[in-house]
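Enquirer: when you get a sec, could you give me coordinates for this:
(chains A and B)
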Amino acid sequence: DTEVTQTPKHLVMGMTNKKSLKCEQHMGHRAMYWYKQKAKKPPELMFVYSYEKLSINESVPSRFSPECPNSSLLNLHLHALQPEDSALYLCASSQGGSYNSPLHFGNGTRLTVT
Amino acid sequence: TQLLEQSPQFLSIQEGENLTVYCNSSSVFSSLQWYRQEPGEGPVLLVTVVTGGEVKKLKRLTFQFGDARKDSSLHITAAQPGDTGLYLCAKQGAQKLVFGQGTRLTINP
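Expert: Prediction:
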C-alpha cells in the first residue's frame, strides 16, 4: 500500500465543471508535488510545494490551481479543463523539502475530460 | 535541458530470460534514482545510486552506476511476469528531478 493517498481514483468531468483532486501523506515530508502523466509517457512535473509554499510552477495553465492547506495535504483545483487535459494526475512527496530526494508517489487520479 | 536517454523504449521478452536497460546522459550527475511503475499505480522507488562504479542488487535486479557518473544500467536476471512495468530513471536537475522517457517492459509467461 502506498503511503501517499489520492482521491478520487477516477474522475470524469465536463469542460464547464469545477472539481478538486486531493492528496494526503503522513510521513512528515515537507515537499509535495503534482505530476501529470499521459499514456506511455513519463510523469511531467506541474507544481512543487516546499514547506507549504509554492516553489515551482512549470508554466501550468491557470485552469489548474494548486493549494497546500497544511503540511500533510495537497489539493489540485480544476476548472474549465480541456479534453487534452485527460491524464493520470500523480501526487508525490519527499523528505526535508529537498527537490532531489526520492519521491513517494500516490497511485494517481485518472481524469477524463469530456 | 539536461536530458536522460533510456533504451530500449520498449522490450517484450519471455519469462526466464535476462535483460538490461540503459540510462544515459551527456552530463555528469551526482546521483540517479530508478523507479518502476506498474499498470494502474504510481512509480515506486527501486534504488538510488550515488558513487561512480557503484553496484546495487535488489533480488534479481542489479543496478550499476557508470564510473564517469554519466550512465546507469539495470539488469534483470530470469525475468518474471511481475517485473512487467515502466522503468524510469531520474537524476537531479535544477531544483527538480528529471525523468528519462522510460523503458516499457513486458514479460510474457
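Enquirer: can you list the residues of chain B near chain A?
Expert: B:31, B:33, B:35, B:40-45, B:48, B:86, B:88, B:92, B:95-97, B:99-102, B:104 (C-beta under 8 Å from any C-beta of the partner chain). Where you see a C-beta, it was placed from the backbone N, CA and C, and this is true even at glycine.
Enquirer: out of the residues you listed, which are buried?
Expert: Neighbour-count burial (16 or more other C-beta atoms under 10 Å in any protein chain shown) applied to those gives B:31, B:33, B:35, B:41-43, B:48, B:86, B:88, B:92, B:96-97, B:99-102, B:104.
Enquirer: in strands, which of these fall?
Expert: Among those, the members found in strands (DSSP state E) are B:33, B:35, B:48, B:86, B:88, B:92, B:97, B:99, B:104.
Enquirer: quickly list what the fourth one is bridged to.
Expert: Just to be clear, that refers to B:L86. Counting by DSSP bridges, B:L86 is bridged to B:Q37, B:R104.
Enquirer: the worst-scoring helix or strand of chain B on mean pLDDT pairs with which strands?
Expert: The helix or strand of chain B with the poorest confidence is strand B:97-99; it has a mean of 87 (mean pLDDT, DSSP states H and E). Strand B:97-99 sits in its sheet next to strand B:85-92 (antiparallel), going by DSSP bridges.
Enquirer: contact partners of the partner strand?
Expert: Residues from elsewhere that reach strand B:85-92 (C-beta atoms under 8 Å, 6 or more residues apart in numbering or on different chains): A:42-43, A:99-100, B:2, B:4, B:6, B:21, B:23, B:25, B:29-39, B:43, B:72, B:74, B:97-100, B:102-105.
Enquirer: same check on stretch B:28-44?
Expert: Contacts with stretch B:28-44, where a contact means C-beta under 8 Å, 6+ apart, come from A:2, A:4, A:43, A:90, A:92, A:100, A:102-103, A:105-108, B:2, B:23, B:45-50, B:63, B:65, B:68-70, B:72, B:74, B:84-92, B:97, B:102.
Enquirer: how much space between B:R60 and B:E15?
Expert: 12 Å (C-beta to C-beta, to the nearest Å).
Enquirer: which neighbours do these two share?
Expert: Each of B:79-80 lies in contact with both B:R60 and B:E15 under the rule C-beta under 8 Å, 6+ apart.
Enquirer: stretch A:77-92 close to chain B?
Expert: Yes. Legend: contact between stretch A:77-92 and chain B by C-beta under 8 Å from any C-beta is shown at A:90, A:92.
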